[in-house]
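S.K.: fold the stuff below for me.
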Amino acid sequence: MADQINVAIIGLGNCASSLVQGIEFYKEAGAEDKIPGLMHPVLGDYHISDINITAAFDVDSDKVGKDISEAIFCGQNNTYKFTDVPEQSVKVSRGMTHDGLGKYLSDVITPAEGPTDDIVGILKETNTHVVINYLPVGSETATKWYVEQVLQAGCAFINCIPVFIAREEYWGNRFKQANLPIIGDDIKSQVGATILHRLLVRLFQDRGVQIDRTYQLNFGGNTDFLNMLERERLESKKISKTNAVTSQIEYDVPDADVHVGPSDHVPWLLDRKWCHIRVEGTTFGNVPLNLETKLEVWDSPNSAGVVIDAIRLAKIGLDRGLSGPLLEPSAYFMKSPPVQIRDEEARLGVEAFISGEALDSPIVNIAENN
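M.R.: Now for the predicted structure:
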């Protein structure tokens with residue numbers, strides 16, 4: 001019987017709400033069942049029910065001090081509620097603010113009074129194995145501050161936001177030196193705008209169609225989109241999403257002909273996200289071929305299943321004594337991993353990682369050549 005995976009969450013917004021709900025919702029999932037929403041009911045030796053939330057950090061006065069089961073439905077959280085969550089006996093601790101609250105979030109969130117709690121002490125006291133970063137986009141200083149706490153506490157790290165940690169050599173080496181695994185950066189949804197856009201541009205190339213121009217426009221009603229109205233905080237997000245798509249195109253497309261990124265905040269959409277994708281190409285006889293598609297999702301539940309897998313892979317990394325960026329999980333689950341490859345190859349790499357088998361994949365080859 002596998003041990004529990006003790007998990008701490010930084011930032012108790014919609015994504016954290018969906019994750020905590022999902023752990024409760026799927027705790028009785030059958031190991032051999034095909035269950036909507038799950039890629040792996042059991043991953044390695046770990047069932048979803050083995051995930052145990054031990055700590056949570058936020059700065060919102062509506063959440064700090066409350067049990068996590070209550071806090072995930074408080075404040076500006078507006079995602080889909082698909083299950084009740086019983087009391088967890090986990091109080092939300094006061095986190096570090098730094099640049100976590102931008103101009104627009106400061107208009108709707110009142111920071112909790114009092115000093116930042118002892119993050120390292122809490123992580124050690126709760127024997128936390130894996131820490132998840134769900135801070136708002138643009139929280140560069142806050143993320144790096146928390147990374148230092150995670151390293152000091154001796155935990156694995158999953159970076160779900162587009163502040164570049166796992167893909168940067170400096171931070172990768174820091175995790176290697178600490179003998180700790182990291183998965184990052186910037187989570188992909190199960191079937192979201194990025195994964196769909198990547199598959200469409202691969203389809204064009206695989207079928208011999210030249211890609212001339214493409215865009216992806218996203219808008220939604222959650223605080224993520226409100227936060228990204230502050231364009232200065234959007235730079236890393238645009239880099240992450242654009243690179244995730246252009247990395248799948250095997251030739252240069254002028255920067256002016258590729259646009260990928262959030263476009264606006266529509267409050268009545270709540271946690272729903274609408275994505276419009278257009279790809280313009282040239283096919284047989286230099287005849288134009290254009291494709292347009294629209295995707296509608298509840299944004300946060302769409303990523304929670306991916307994070308549930310990432311948690312268990314991070315713990316497997318700890319169990320095996322692995323350190324630094326976990327290349328296969330990062331390539332499959334993240335928009336800006338240390339190594340970008342095709343999603344199908346990354347999926348095979350993850351399955352090989354789970355089983356403990358070696359795989360002569362582009363991930364291994366590229367990593368060895370760098």
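S.K.: where's the closest residue to G22 other than its chain neighbours, which helix or strand?
M.R.: Leaving aside its sequence neighbours, G22 sits nearest to A304 (Cβ to Cβ, 6 or more residues apart in numbering; 4.7 Å). Every residue, glycine included, has its C-beta placed from N, CA and C. When elements are defined using DSSP states H and E, A304 is found to belong to helix 301-319.
S.K.: so R312 is in contact with Y46, correct?
M.R.: Yes: if you go by Cβ atoms under 8 Å, R312 and Y46 touch, sitting 4.4 Å apart.
S.K.: overlap in contacts, these two.
M.R.: Common contacts of R312 and Y46 (Cβ atoms under 8 Å, 6 or more residues apart in numbering): I5.
S.K.: which of those two has more residues huddled nearby?
M.R.: Between R312 and Y46, counted using other Cβ atoms under 10 Å, R312 has the larger neighbour count: 25 against 22.
S.K.: tell me, how many residues neighbour the closest residue in space to G154 that isn't next to it in sequence?
M.R.: With sequence-adjacent residues excluded and distances taken as Cβ to Cβ, 6+ apart, G154 is closest to L180, at 6.7 Å. By other Cβ under 10 Å, the residues close to L180 number 21.
S.K.: how about the one 3 residues further on?
M.R.: Under the neighbour criterion other Cβ under 10 Å, I183 is assigned a count of 31.
S.K.: report all helices and strands that the host helix or strand of it contacts.
M.R.: According to DSSP H and E, I183 maps onto strand 181-184. Strand 181-184 makes packing contacts with strand 156-159, helix 169-177, helix 301-319, strand 324-325, helix 327-333 when contacts are defined by 3 or more Cβ pairs under 8 Å, 6 or more residues apart in numbering; DSSP states H and E.
S.K.: now whichever helix or strand comes after it, how far from the chain's geometric center?
M.R.: Scanning forward in sequence from strand 181-184 by DSSP H and E, the next helix or strand is helix 193-206. Relative to its parent chain, helix 193-206 has a centroid offset of 19 Å by Cα atoms, centre = their mean, to the nearest Å.
S.K.: same check on stretch 146-163?
M.R.: The chain centre lies 13 Å from the centre of stretch 146-163; the measure is Cα atoms, centre = their mean.
S.K.: of all the residues in that stretch, which ones are buried?
M.R.: 146-147, 149-151, 153, 155-163 (16 or more other Cβ atoms under 10 Å).
S.K.: same thing with stretch 183-196?
M.R.: I183, G184, D185, D186, I187, K188, S189, Q190, G192, A193, T194, I195.
S.K.: give me the element A56 is part of.
M.R.: Following DSSP H and E, one finds A56 within strand 51-58.
S.K.: ok, residues contacting that strand?
M.R.: 4-12, 16, 20, 23, 64, 68, 71, 88, 90, 92-96, 112, 117, 119, 122-123, 126-128, 146, 308, 311-312.
S.K.: what does the next helix or strand after that strand contact?
M.R.: As assigned by DSSP H and E, the chain's next helix or strand after strand 51-58 is helix 68-71. Residues from elsewhere that reach helix 68-71, judged by Cβ under 8 Å, 6+ apart: 9, 12, 20, 53, 56, 58, 62-63, 85-88, 90-92.
S.K.: which of these are buried? Put it as a PyMOL command.
M.R.: Selecting only the buried entries of these in PyMOL, with 16+ other Cβ under 10 Å as the criterion:
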select buried, resi 9+12+20+53+56+58+62+63+85+88+90+92
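S.K.: F164 is in contact with G172, isn't it?
M.R.: No: look at F164 against G172 with Cβ under 8 Å: they stay out of range, at 10.5 Å.
S.K.: counting neighbours, what do you get for P111?
M.R.: 16.
S.K.: I'd say it and T97 touch.
M.R.: Yes: counting by Cβ under 8 Å, T97 is a contact partner of P111 at 6.0 Å.
S.K.: shared neighbours, the two?
M.R.: With Cβ under 8 Å, 6+ apart, P111 and T97 have common neighbours V59.
S.K.: strands of this protein, start to end?
M.R.: 5-10, 42-43, 46-47, 51-58, 92-94, 130-133, 156-159, 181-184, 210-220, 258-265, 272-283, 287-298, 324-325 (DSSP state E).
S.K.: of all these, which one is nearest L226?
M.R.: strand 258-265 (4.8 Å; Cβ to Cβ).
S.K.: list the strands paired with the closest one, with their directions.
M.R.: Partner strands and pairing direction for strand 258-265 (DSSP bridges) are strand 210-220 (parallel).
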